[in-house]
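J.: return atomic coordinates for the entry below.
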Amino acid sequence: MTRYLITGGTGSLGKALIEKLLALNPQNEIIVFSRDEGKQALSFGNNPAIIRVIGDIRDFQKLNVTMKRHKPQMVIHTAALKRIDDMEFHPDECVKTNITGSENVAHAALLNGVEKCILISTDKACQPVNVYGSSKFIAERCFTNYDYHSETTIFASVRYGNVIASRGSFIPLWLSLLADGQKIKVTSTDMSRFLFTLEDAVDTVLGALENAQGGEVFIPQICSYDMNTIIAAVAQMHGSPVEYDLIGLRPGEKLHEDMLAATELPFTYKVPDINLLSVRPQYTKRLFRAEWEGYNGPEFNSALHMSDNVEELVQLIQRGLEDAN
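T.: Take a look at the predicted model:
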């Protein structure tokens, strides 16, 4: 039995993580730390395996008291402000939650002897061009620095791409609009994005949790798709050609995403027996497993790892939609 604390546990990823952790071992105990009391009650109100704590990661004292009281062995930090365009216009709020809040989680974990503390980051943290990505980049560095000064708790981060059926995902929105006879809006047909399912995202996070040795950033090796391929897949699922309006990039968006930068390649290793890469910190006191093979491939930019296989993408979308249900 392991006791987990999950910040933001009422979000798409948080709920999927909880379901998987309880499926792996019904004896596991979960502490959900979230400010959304309504979703907590609706999602977990009748589950005795889940301890519900209403709180905000901006509040260090509440985090510290919660960890002191419930003594989690593992902390998975999913809570964040994530809307790219909104964060461009409210950078102060982004800093308070994504940077200061993440530092609060790490500080409380260190003070309370947590075994491992994992930050959920994003591909947008790699070579960031927007406020959201920049805040996650700094949060990654905070976790790496906490690990450098820790002799007990292991801190690490994991990046991932666009989850197909998470809250705010564009593909289910497109399918819903098309079902209602409406046009969809496309930023640019040249744009590409890393896509994977909620189940894949959960496996990525748990793989990072299991393999973290201290201070790393973990990266899934997944495919990307350009908008023409995505539109073709959605049209096939809809059963007729898709009409769309081009609206241009929104504030903070870029055409192609980065998951692994060229500057990180010298420090990147393949995690054995799982489809993950591990970027080791450039400054560390840890002794890493020497048998891990170095990664010799290219950087992970979505323009370099694109698939144009429409059938493959249709199957991925269908699996993603099933995961959400």
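J.: quick one: residues in contact with stretch 12-19.
T.: Surrounding stretch 12-19, the residues in contact under the criterion Cβ atoms under 8 Å, 6 or more residues apart in numbering are 6-9, 30, 32, 34, 43-44, 50, 76, 78, 120, 163, 165-167, 198-199, 201-202, 205-206, 323-324. All C-beta atoms are positioned from the backbone trio N, CA, C, and that covers glycine.
J.: where are the low-confidence patches of the protein?
T.: 325 (pLDDT under 70).
J.: which helix of it spans the most residues?
T.: helix 131-148 (DSSP state H).
J.: give me the contacts around it.
T.: Contacts for helix 131-148 (Cβ under 8 Å, 6+ apart): 80-84, 87-88, 91, 94-95, 98-99, 102-103, 106-107, 110, 117, 119, 121-122, 124-126, 128, 153-157, 214-215, 217, 252, 281, 283-286.
J.: quick one: the helices in the stretch 1-150 of the chain?
T.: 12-24, 37-44, 60-70, 84-89, 91-94, 102-111, 131-148 (DSSP state H, counting those that start in this stretch).
J.: tell me the helices and strands packed up against the fourth one.
T.: So that's helix 84-89. helix 131-148 (3 or more Cβ pairs under 8 Å, 6 or more residues apart in numbering; DSSP states H and E).
J.: tell me the strands beside the very next helix or strand once past the helix it packs on, with direction?
T.: As assigned by DSSP states H and E, the chain's next helix or strand after helix 131-148 is strand 154-158. If you go by DSSP bridges, strand 154-158 pairs up with strand 116-120 (parallel), strand 217-220 (parallel).
J.: for the ones you listed, give me JSON lines that also has mean neighbour count and distance to Ser307.
T.: Shown next, in JSON lines, are the strands paired with strand 154-158 (neighbours: other Cβ atoms under 10 Å; distance: least, Cβ to Cβ, whole Å):
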{"stretch": "strand 116-120", "mean neighbour count": "26", "distance to Ser307": "25"}
{"stretch": "strand 217-220", "mean neighbour count": "26", "distance to Ser307": "15"}
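J.: of the ones you listed, which is nearest Leu24?
T.: Leu24 lies closest to strand 116-120 among those, at 15.8 Å (Cβ to Cβ).
J.: tilt between the closest one and helix 60-70?
T.: 140 degrees (axes from the mean of the first three to the mean of the last three Cα atoms, to 10 degrees).
J.: contacts for strand 116-120, please.
T.: 13, 73-78, 80, 102, 105-106, 109-110, 139-140, 143, 146, 153-158, 160, 205, 208-209, 212.
J.: which members of those are classed as buried?
T.: Buried subset of the contacts of strand 116-120 (neighbour count, 16 or more other Cβ atoms under 10 Å): 13, 74-78, 80, 102, 105-106, 109-110, 139-140, 143, 146, 153-158, 160, 205, 208-209, 212.
J.: give me the contacts around stretch 179-194.
T.: Counting by Cβ under 8 Å, 6+ apart, 123, 160-162, 173-174, 177-178, 222-228, 230-231, 234, 238, 242-250, 253, 255-257, 259, 300, 302-303, 305-306 sit against stretch 179-194.
J.: ends of that stretch, what's the gap?
T.: 25 Å (Cα to Cα, to the nearest Å).
J.: kindly report the same for stretch 275-286.
T.: 23 Å.
J.: how near is Thr197 to Gly248?
T.: 29 Å (Cβ to Cβ, to the nearest Å).
J.: higher neighbour count, these two?
T.: Thr197 (23 against 9; other Cβ atoms under 10 Å).
J.: how about that one, what does it touch?
T.: Applying Cβ under 8 Å, 6+ apart, the residues near Thr197 are Val163, Ile164, Ala165, Leu316, Arg319, Gly320, Asp323.
J.: show me where the stretch 151-300 of the chain has strands.
T.: For the stretch 151-300 of the chain, applying DSSP state E, counting those that start in this stretch gives strands covering 154-158, 162-163, 184-186, 192-196, 217-220, 224-226, 244-246, 258-260, 268-270, 276-279, 300-301.
J.: hmm, back to that, which positions in the longest helix of the chain come out as buried?
T.: 131-147.
J.: do the same with stretch 290-298
T.: In stretch 290-298, counting by 16+ other Cβ under 10 Å, buried: Tyr295.
J.: quick one: residues contacting Arg280.
T.: Gly215, Glu216, Phe267, Thr268, Tyr269, Phe288.
J.: the nearest residue to the fourth one once chain neighbours are set aside and Val271, how far apart?
T.: Which is Thr268. Leaving aside its sequence neighbours, Thr268 sits nearest to Tyr295 (Cβ to Cβ, 6 or more residues apart in numbering; 4.2 Å). Using Cβ to Cβ, Tyr295 is found at 10 Å from Val271.
J.: who touches both of those two?
T.: Common neighbours of Tyr295 and Val271 (Cβ under 8 Å, 6+ apart) are Leu277.
J.: hmm, Arg83 and Gly168 touching each other?
T.: Yes. Using Cβ atoms under 8 Å, Gly168 is in contact with Arg83, at 7.1 Å.
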